[in-house]
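Q: Here is the input, now give the coordinates:
(one chain, ligands or ions: 1)
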Amino acid sequence: MSDRIHTLSGYLYEYQKSVAQPEEFWAKIADSFYWRKRWSKVLKWNFEEPEIKWFVDAKLNITENIFERHLFTIGDRPAIIWEANDPNEEGRTITYRELFHEVNRFANALKRKGIGKGDKVIIYMPMVPEAAIAMLACARIGAIHSVVFAGFSSTALADRVVDCEAKAILTSDGNYRGSKKIGVKSVVDEALEKSSVETVIVYERTKQDVTMKEGRDFWWHDVIAEESEQCVAEEMDSEDMLFILYTSGSTGKPKGVVHTTGGYMVYSQYSFDNVFQYSEGDVYWCTADIGWITGHSYIVYGPLLAGATTLMFEGVPTFPDCGRFWAVVEKHKVNIFYTAPTAIRALQAYGTEEIEKYDLSSLKVLGSVGEPINEEAWHWYHTHIGKNKCPIVDTWWQTETGGIMVSPIAGITPTKPAYATLPLPGIQLCIVDPEGNELTGNSVEGNLCVKYPWPGMIRTIFGDHERCKQTYFSTYKGMYFTGDGVKRDHDGYYRILGRVDDVINVSGHRLGTAEVENAINEHPKVIESAVVGYPHEIKGQGIYAYVICDMTNRTEDNLINEIKEMVSKIIGPIAKPDKIQIVSGLPKTRSGKIMRRILRKIADGSHDTMGDTSTLLDPEVVSQIIEGRK
Ligand code: WTA
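A: As a prediction, the model looks like this:
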């Protein structure tokens, strides 16, 4: 690819160019894509509304850029290598041509069910190739997909179905995870009890019993049986919605982050190509789930747009044993491996014995995403997995950014443990103090903002543009605020310090403290609760909940278990609090605001340095909480 950075000076040159002449810079990159109609203007924007338009008036279909654009040259190349949960089950390898045909057949099936341009389709599926086929089939016909992580509960799924006004749900009978077989369709049934979704298509994976509602539910293999493998792609405007992906924020319910077609396409391929330095023939493996943005941009869209071979893994790192990742690397001769710090820390705890059984010499590049990687995990990853020869790309980005923002370019940018290093070309970062003053120069620390648009950025929150404006564009005028704290060191390198808002990052999964509190408060015995994150050895952050309860007829232990179950039912097992402390009161200011700063200090054990508590309504509460600390 001609826009590939090859040297450090090349990176610096591209970066300078992208700042000096952003429109020319992105137009040149966009030139290598297939547009049915070219743009009239590269960029129109303001961060006040906000209104962001890339490749204005251009027409395209993203799937034509995966398939038609280079099918003559890459038709027989593996697009997806699929590794099943059970190592004894045969995997699948799907070439670009086969994938193209499957996408078209399923796209035709969707059309036959009356689904078309602008319709919202929820995908609630395990990690099987059909999940990617489902996403691409939606994109082919202009339907807007919203993938919901299959570990979310029926309540969480129902909220998303209602919020995005979904017309159809694509799902499976069940899901294999490690030694377990989990019902998936049954969760959909529960979620749909009070909904008007017209069509449910069920992919048969586990062959477990399911109930099929006449006229609404259909089997995947039945609906594609008679369909043609040709389907003309729908013409989309560059700013037409491509997908909605729900993510947690500081307040309220999860919000539907909207990404559009042209800009997301250009940015996901450009960032994939450059960060990982993929070369033809490489096998690339990202261990994320397609239910998260990492799965969207770096399992499906980025790699497939780049013509890469992307490995999709159905299982978990510890099944049948904790050597599974390394067994898969050896089996498929994986060259580029991209995972989350939480997985690295979890596997680190098992020692190196399981690693030494496998040949990892195919590895060239290692990646990290989702949360800050601590230095110890970085060194372990570098030494034991990369054998001191693979660069680590620590990639910082967010659901809202669509693609990687700050990261080394593999093998080119000198790395530094725990540092995401430098911004990609086109990304104009800015560090601000709490008043919004830009902190210039090096050796500074503050809040991370971006002051100029990039093609992959969020356009709105589905159904609530005002919330988009308030959340990201109002804290600091004229800037996109990320919610993360950051340090720029003496070399100008960036180190992400973690969230500065009420979002917690548990095993790389984003959760809002308010969201968890709302779920806890659903328990009839709960009077009030406050949730904070605290440092957790494996998960990065754990969830600590302080709860005021009516204890009549309940013991502390059974109440704690009931609350955990409640959260699991309302959000999903990932949101289950690690620690629940029943308290008699919460530290509040005289105006009734909970002082989370204090609760955080107690949770992480640093309450010796509590600071000023004189503004508290009842300082006595604090010593009681410290005494009962878990
Ligand atoms: C955090 C995941 C440090 C950060 C792609 C961000 C990171 C949030 C890194 C977004 C990293 C992600 N180093 N922190 N390399 N990558 N984060 O939306 O706090 O699930 O704001 O997107 O994860 O999480 P999200």
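
Q: what about this protein, any weak spots by pLDDT?
A: Along the chain, segments meeting pLDDT under 70 span 1-2.

Q: domain assignment for it?
A: Domain assignment for the chain by automatic domain parsing gives 8-486, 507-629.

Q: most tightly surrounded among those?
A: domain 8-486 (a mean of 20; mean count of other C-beta atoms under 10 Å). (Glycine included, C-beta is placed from N, CA and C.)

Q: Any part of it near the ligand?
A: Yes: counting by C-beta under 6 Å from any ligand atom, the ligand is contacted by domain 8-486 at 247, 292-294, 368-372, 394-399, 420, 482-484.

Q: Which of those fall within helices?
A: Using DSSP state H, the members of the residues of domain 8-486 next to the ligand that fall within helices are I293, T294.

Q: List the residues that contact the closest residue to the ligand within the stretch 1-150 of the chain.
A: Of all residues in the stretch 1-150 of the chain, F149 sits closest to the ligand, with a separation of 10.5 Å (C-beta to the nearest ligand atom). By C-beta atoms under 8 Å, 6 or more residues apart in numbering, the residues touching F149 are D289, G291, W292, G572.

Q: Make a markdown table out of these and add distance to R69.
A: Shown next, in a markdown table, are these (distance: C-beta to C-beta, whole Å):
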| residue | distance to R69 |
| --- | --- |
| D289 | 27 |
| G291 | 27 |
| W292 | 26 |
| G572 | 38 |
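
Q: tell me which of those residues is nearest to the ligand?
A: Distances from the ligand to these, taken by C-beta to the nearest ligand atom, are shortest for W292, at 5.7 Å.

Q: that older thread, of all the domains of the chain, which one is nearest G498?
A: domain 8-486 (5.8 Å; C-beta to C-beta).

Q: what sits against the closest residue to the ligand within the stretch 451-600 of the chain?
A: Nearest to the ligand in the stretch 451-600 of the chain, going by C-beta to the nearest ligand atom, is I496, at a distance of 3.6 Å. I496 makes contacts with P372, W396, V406, A420, L448, D484, G485, V486, as judged by C-beta under 8 Å, 6+ apart.

Q: What is the nearest of those to N46?
A: Taking these together and measuring to N46 by C-beta to C-beta, the closest member is L448, at 20.9 Å.

Q: The closest one: what secondary structure?
A: Under DSSP: H, G, I helix; E, B strand; the rest coil, L448 falls in the strand class.

Q: And for W82?
A: Applying three-state DSSP: W82 is strand.

Q: My read is that it contacts T310, right?
A: No: here W82 does not reach T310: they are 9.8 Å apart, not a contact under C-beta atoms under 8 Å.

Q: Tell me the residues on the stretch 501-630 of the chain that lie near the ligand, please.
A: N505, R510.

Q: Where do the helices of the stretch 1-150 of the chain begin and end?
A: For the stretch 1-150 of the chain, the helices defined by DSSP state H, counting those that start in this stretch occupy 8-20, 22-30, 62-66, 71-74, 96-112, 129-141.

Q: Make JSON lines from those and add distance to S40 to it.
A: Converted to JSON lines, these look like this (distance: least, C-beta to C-beta, whole Å):
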{"stretch": "helix 8-20", "distance to S40": "21"}
{"stretch": "helix 22-30", "distance to S40": "12"}
{"stretch": "helix 62-66", "distance to S40": "20"}
{"stretch": "helix 71-74", "distance to S40": "29"}
{"stretch": "helix 96-112", "distance to S40": "29"}
{"stretch": "helix 129-141", "distance to S40": "23"}
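
Q: closest to K539 out of those helices?
A: Across these, closest to K539 is helix 129-141 (C-beta to C-beta), at 25.3 Å.

Q: what angle sits between that closest one and helix 96-112?
A: 70 degrees (axes from the mean of the first three to the mean of the last three C-alpha atoms, to 10 degrees).

Q: okay, helix 129-141 in CSV with CA atoms only?
A: Extracted in CSV, the C-alpha atoms of helix 129-141 (Å, rounded to 0.1, in the frame of the first residue of the first chain):
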residue,chain,number,x,y,z
PRO,A,129,-17.6,-16.2,10.9
GLU,A,130,-21.3,-15.7,10.4
ALA,A,131,-21.1,-12.8,12.9
ALA,A,132,-18.7,-11.0,10.5
ILE,A,133,-20.8,-12.1,7.5
ALA,A,134,-23.9,-10.6,9.3
MET,A,135,-22.1,-7.2,9.8
LEU,A,136,-20.9,-7.1,6.2
ALA,A,137,-24.3,-8.2,4.8
CYS,A,138,-25.9,-5.3,6.6
ALA,A,139,-23.3,-2.9,5.2
ARG,A,140,-23.8,-4.4,1.7
ILE,A,141,-27.5,-3.4,1.7
